[in-house]
Structure formats: C-alpha cells, structure tokens
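**Q** After the sequence you'll find the predicted model.
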Amino acid sequence: MQMHDDFSMSRLIPGLMRLFAWELAADALNRWVQSCVALGCTTFDHADIYGDYRCEAAFGEAVARTPGLRDQIQLVTKCGIALLSPNRPAHHVHHYDTRHAHILESAERSLRNLRTDRIDLLLVHRPDPLMDADEVAAALTTLRHAGKVRHCGVSNFQPFQFDLLQDRLDFPLITNQVEFSVSHMDAITDGTLDQAQRLRRPPMVWSPLAGGNLWTRKDAKSLRLRRVLADIATPRGVALDQVALAWVLMHPARPLPVLGTGRLPRIAAAVETESLTLDRQQWFAIWEASAGHEVP
C-alpha cells in the first residue's frame with residue numbers, strides 16, 4: 001500500500017505485541033519473519049512498551065541473524081506511553097510522556113533494540129493531555145532530519161488531535177493507527193476514517209478481529225455478529241474471521257489491519273482475505289448486527 005511518494009507498507013501487518021506469548025527462540029523468530037515476508041507481509045508493528053519493553057530487542061536480534069533481511073521489511077514502532085515496570089524503575093505512575101527529550105530518547109533506544117539505523121515509521125502512541133504540539137513536532141522533525149526516522153504518524157488520535165499536531169509539521173503524518181472491527185465501529189462515526197479518506201492517508205487498524213473475543217463472548221451483540229458472519233462465510237467455504245477481516249478491508253479509507261497472531265496459517269488465511277469481496281448488502285448486514293439496529 002502506497003503511503004507516501006517513497007514509502008509503501010504491506011496491506012496486512014504482523015503485530016509483535018504478544019511476541020513473548022509465542023515462545024519463539026531467536027532462530028525460530030527469524031524463520032517466522034521470513035515466512036511473513038514470503039506471504040507478502042513485510043511491515044512489522046512494534047511499540048517500545050511491548051513485552052514489558054522487551055519485544056523490540058528480541059525482534060532485532062532475530063532479524064540480525066540473516067544479513068539483508070532488514071532491507072526487506074518496514075519497521076513501525078511507537079513512543080509516548082510510560083508503563084509501570086521493573087524495566088523502568090523511575091516510573092511511579094502509568095502515564096504519557098511526549099516531551100521532546102523523551103521522544104528522542106525513546107527513538108534512540110528503539111533503534112538500538114531493533115538493531116537498525118532507521119525506523120521506517122514512528123507513531124506517537126496515545127494522545128497526551130499534556131502534549132505540547134510544538135515540542136512534539138520539533139522532536140519528530142529532528143529525528144527525520146537526522147535520517148533516524150523516515151516517516152511519522154500517530155495512534156489512537158481523534159481527528160482534532162491529529163489536526164493539531166499536523167498543523168505544526170511541514171511533512172505529513174502518514175497514518176493514524178486506531179481500533180476498528182466489526183464489533184468496534186467508532187472510527188466510522190467519530191470522523192477518523194472520514195479524515196483518513198479525505199487526506200488519502202490509509203489508517204493502520206489494531207484489533208481488527210476484536211482481539212479474538214468476538215468468537216467467545218455470549219452477549220447479544222457477539223451472538224448476532226457470529227450468526228451474520230456465519231451466514232456469509234458458510235456458503236463460501238471461508239472462516240468467520242476472514243469475513244470479519246474482509247469487512248474491515250472493504251472500507252474506502254483503505255485500512256491496514258495489524259494482525260496480532262503469531263500463527264503462520266492464520267496469517268496466510270488473512271492474506272487470502274485480500275481477495276475475498278463482500279457485496280454492499282452483506283457489509284451492511286454486518287454493520288446492522290454490530291449496531292443492533294438498521295441504518296437510519
């Protein structure tokens with residue numbers, strides 16, 4: 001997916017938040033990365049905080065085992081959340097930190113952990129109520145001018161928060177990573193996807209399959225969704241999660257889903273979904289099941 005004149009990302013993006021739950025040693029993780037690349041999933045989503053601040057380093061070690069592998073992939077990471085963690089003993093409260101110094105320090109640490117000389121896309125992870133837009137813009141500009149970050153974006157920003165930071169920059173924020181799925185449709189109604197489409201900046205999407213909870217919940221909404229998804233999936237011989245992902249992909253803002261699984265067969269099935277098309281009535285039947293009512 002073309003994101004900027006000189007930068008593309010894969011339509012489906014493996015996410016590394018749960019890396020340590022997969023229990024992959026460095027060699028196995030290296031093979032996993034290469035398998036994802038072979039499937040066309042060349043963009044990998046990180047954050048400094050993932051795995052209690054440990055995922056980036058594990059990934060960097062794995063990729064470094066194959067010379068040239070780094071140049072086949074795009075690395076996305078995030079900064080701005082400060083967790084309570086034994087790995088950050090100076091943190092006494094869970095908070096956000098978008099100060100100039102923290103953004104620079106976080107990016108430098110991510111570069112070291114990922115064993116790379118550049119971050120392809122750096123995102124401000126959460127909107128910070130104390131965010132000084134001028135200060136954040138100055139930090140991102142410094143990293144860009146130094147060649148340490150190629151492109152910048154945000155995550156979980158409302159359109160007005162996106163606009164505020166963009167107003168202070170002389171280069172585009174190329175994406176906003178937000179939650180969007182058949183069971184979480186706020187991005188449709190709060191203007192996020194409208195803004196993405198207006199600016200022609202495809203949004204990254206986290207939890208595009210509702211974190212897997214859609215398949216186990218017993219609430220009325222989940223039951224409705226599973227029933228409608230099955231009505232569409234069964235005649236076509238595909239899985240319910242493939243239909244749910246196709247619903248996300250159909251939006252004209254051209255979302256880029258972040259896949260939270262480490263299982264290669266599930267990633268391969270997600271790739272197959274790129275050619276799975278829904279008709280307009282099927283899309284709205286799923287919307288109706290999620291909203292609990294017809295469109296007005």
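**A** Structure's in. What do you need?

**Q** would you list every one of the strands in the stretch 1-150 of the chain?
**A** 2-4, 7-8, 13-14, 43-45, 74-79, 81-82, 95-96, 119-124, 149-155 (DSSP state E, counting those that start in this stretch).

**Q** which stretch among the ones you listed comes nearest residue 143?
**A** Residue 143 lies closest to strand 149-155 among the strands of the stretch 1-150 of the chain, at 4.0 Å (C-beta to C-beta). C-beta here means a position set from N, CA and C on the backbone, and glycine is covered the same way.

**Q** got the angle between that closest one and strand 74-79?
**A** Here strand 149-155 runs at an angle of 50 degrees relative to strand 74-79 (axes from the mean of the first three to the mean of the last three C-alpha atoms, to 10 degrees).

**Q** quick one: contacts of strand 149-155?
**A** Strand 149-155 has contacts (C-beta atoms under 8 Å, 6 or more residues apart in numbering) with 3-4, 7, 78, 107, 118-127, 140, 143-144, 161-162, 165, 169, 171, 173-178, 204, 206.

**Q** likewise stretch 264-284?
**A** 11-12, 14, 32, 35-36, 39-41, 232, 236, 238-239, 241-243, 245-247, 249-250, 257, 259, 261, 286, 295.

**Q** The longest helix seen in the chain: which residues count as buried?
**A** Identified as the longest helix of the chain according to DSSP state H is helix 220-236. Neighbour-count burial for helix 220-236 flags 222, 224-226, 228-229, 232-233 (criterion: 16 or more other C-beta atoms under 10 Å).

**Q** Does it pack against any helices or strands, and if so which?
**A** helix 240-249, helix 280-291 (3 or more C-beta pairs under 8 Å, 6 or more residues apart in numbering; DSSP states H and E).

**Q** other SSEs contacting the shortest one?
**A** For helix 240-249, the packing partners by 3+ C-beta pairs under 8 Å, 6+ apart come out as helix 220-236, strand 256-259, helix 264-273, helix 280-291.

**Q** Now do it, average pLDDT.
**A** Mean pLDDT, computed over helix 240-249, is 98.

**Q** and the angle for that helix with helix 280-291?
**A** Angle of helix 240-249 versus helix 280-291, following the same axes, to 10 degrees, is 100 degrees.

**Q** ok now helix 240-249, how far from the chain's centre?
**A** Offset of helix 240-249 from its chain centre (C-alpha atoms, centre = their mean, to the nearest Å): 16 Å.

**Q** So what touches it?
**A** With contact meaning C-beta under 8 Å, 6+ apart, helix 240-249 is reached by 11, 180-182, 205, 208-210, 214-215, 225-226, 229-230, 232-233, 255, 257, 266, 269-270, 272-274, 276-278, 283, 286.

**Q** For the one helix or strand residue 176 maps to, give the mean pLDDT please.
**A** Secondary structure from DSSP states H and E places residue 176 in strand 173-179. Here strand 173-179 scores 98 as its mean pLDDT.

**Q** got the buried residues for it?
**A** If you call a residue buried by 16+ other C-beta under 10 Å, then strand 173-179 has these buried ones: 173-179.

**Q** So for stretch 112-123, what gets flagged as buried?
**A** For stretch 112-123, by 16+ other C-beta under 10 Å, it's 113-114, 116, 119-123.

**Q** Please apply the same query to stretch 191-211.
**A** 192-193, 195-196, 199, 201-210.

**Q** what's across from residue 176 in the sheet?
**A** residue 154 (DSSP bridges).

**Q** follow-up on the earlier one: the buried residues of stretch 191-211 in strands, which ones?
**A** 204-206 (DSSP state E).

**Q** shaky segments in the stretch 1-150 of the chain?
**A** Within the stretch 1-150 of the chain, no stretch has pLDDT under 70.

**Q** And the helices in it, which stretches?
**A** Listed in chain order, the helices of the stretch 1-150 of the chain (DSSP state H, counting those that start in this stretch) span 26-38, 50-53, 55-64, 100-114, 133-145.

**Q** who touches the last one?
**A** So the one you mean is helix 133-145. With contact meaning C-beta under 8 Å, 6+ apart, helix 133-145 is reached by 98-100, 103-104, 107, 119, 122, 124, 149-152, 164-165, 167-171.

**Q** quick one on the thing from earlier: put the alpha carbons of the strand holding residue 176 into CSV.
**A** Taking C-alpha atoms only, strand 173-179 is exported to CSV below (Å, rounded to 0.1, in the frame of the first residue of the first chain):
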residue,chain,number,x,y,z
LEU,A,173,1.6,12.4,9.3
ILE,A,174,1.1,9.4,7.1
THR,A,175,-1.2,7.3,9.3
ASN,A,176,-3.3,7.1,12.4
GLN,A,177,-3.4,3.7,14.0
VAL,A,178,-6.8,3.2,15.5
GLU,A,179,-9.2,0.4,16.7
